[in-house]
Each structure stands twice: as C-alpha cells, then as structure tokens.
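In: Would you be able to build a 3D model of this:
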Amino acid sequence: MAVMFTSACTGAATVDPPSPPPEGSVKATACAEFMAGLPHELVGESLRETDPPSDLTAAWGHPAITVRCGGPDPAALNPASELTVVGNVEWFAEELTEGYAFTTYKRVANVEVTVPDDYAPEIGPVSELSPLIAETVQPRE
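Out: Numbering: from 1, shown residues only. Coordinates of the predicted model:
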C-alpha cells in the first residue's frame, strides 16, 4: 500500500502521490474537479498538508485520513471481489494493518481513501466523500 500514516501531531501527512495523468485527459479533468471540491473538514477533522505536496493528494486529522486521485486499480481487486455501494459509488475495501483502504470501482479515475482505525467505523469518510465523487468522477464506460 502506498499510503503511510504519520504519527506526529503536527506537520504534513506523508502520502505517496500517484503518477500524474496525461494533461487534458478525462482522468486529469476528473481528479482536478474532485480535488477542487474536497471539504475543509472530513468527519470533524481539518484538512492538512501532504508531503510531498501534490494536486492529487489530501489529508485530514492526526493520524491522517488520506485521499489519492488517479492511482492504479488495487492489486487485490479481481472480478470476484466484494464491493460496497455508498451514495451510488462502488468501493473496494482492503483491510490494512491499522485501518482500511477504500478504492472506487469503475470510475474514470480511481479515488483511494485510507482511514486509520482511530476513525472507526472507517466507512465514515467514504460516506462523506461519495456524493462529491458521484458528481465529479464519472463512471467508466
């Protein structure tokens, strides 16, 4: 998993940004619209900086809830994978050592949300972000 959680109470959250999509592509446009619409607060936590800075990543709280837009499909995703639907958005959930990673399914750009166990139930941030994703990141055809 590419996302790392920081344990410090201050500073930027370490988030490995995905490779930027080609400029002007559907994926680039979807990520730009999604990232521009992100809330300043998510499940009561404030938006914070990411390290390295990227237009494709965001973080909230301590430990950090993180978002990456435009990354690859998760390696564990396969045709038989169980999906969860939240707000008309399909999500693939992967349990991590200390939380969950949720990745959208069949969208023009993947959105990955990692949620530490501190925010149980971990689906909360996904529930808050799903309407924005449904509005800005179109389904793949």
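In: Val85: what secondary structure?
Out: Three-state call for Val85 (DSSP: H, G, I helix; E, B strand; the rest coil): strand.
In: So what's the residue count around it?
Out: Val85 has 10 neighbouring residues, counting by other Cβ atoms under 10 Å. For every residue, glycine as well, the C-beta is placed using N, CA and C.
In: Then Ala80?
Out: Residues near Ala80, counting by other Cβ under 10 Å, number 5.
In: do Cys31 as well
Out: Neighbour count for Cys31, taken as other Cβ under 10 Å: 26.
In: which stretch of helix or strand covers Thr29?
Out: Assessed by DSSP states H and E, Thr29 sits inside helix 26-36.
In: So, low pLDDT: which residues of the protein?
Out: For the chain, the stretches flagged by pLDDT under 70 are 1-10.
In: Output the contacting helices and strands for the helix or strand just after the helix holding Thr29.
Out: Per DSSP H and E, the first helix or strand lying C-terminal to helix 26-36 is strand 41-42. Secondary-structure packing of strand 41-42 (3 or more Cβ pairs under 8 Å, 6 or more residues apart in numbering; DSSP states H and E): helix 123-136.
In: Report the separation between Leu129 and Ile123.
Out: Plainly put, Leu129 is 11 Å away from Ile123 if you go by Cβ to Cβ, to the nearest Å.
In: neighbour-wise, which of those two wins?
Out: The residue with more neighbours, out of Leu129 and Ile123, is Leu129; 27 against 18, by other Cβ under 10 Å.
In: all strands for this protein, in order.
Out: Listed in chain order, the strands found in the chain under DSSP state E are 13-14, 41-42, 45-48, 50-51, 57-60, 65-71, 84-86, 89-96, 99-104, 110-116.
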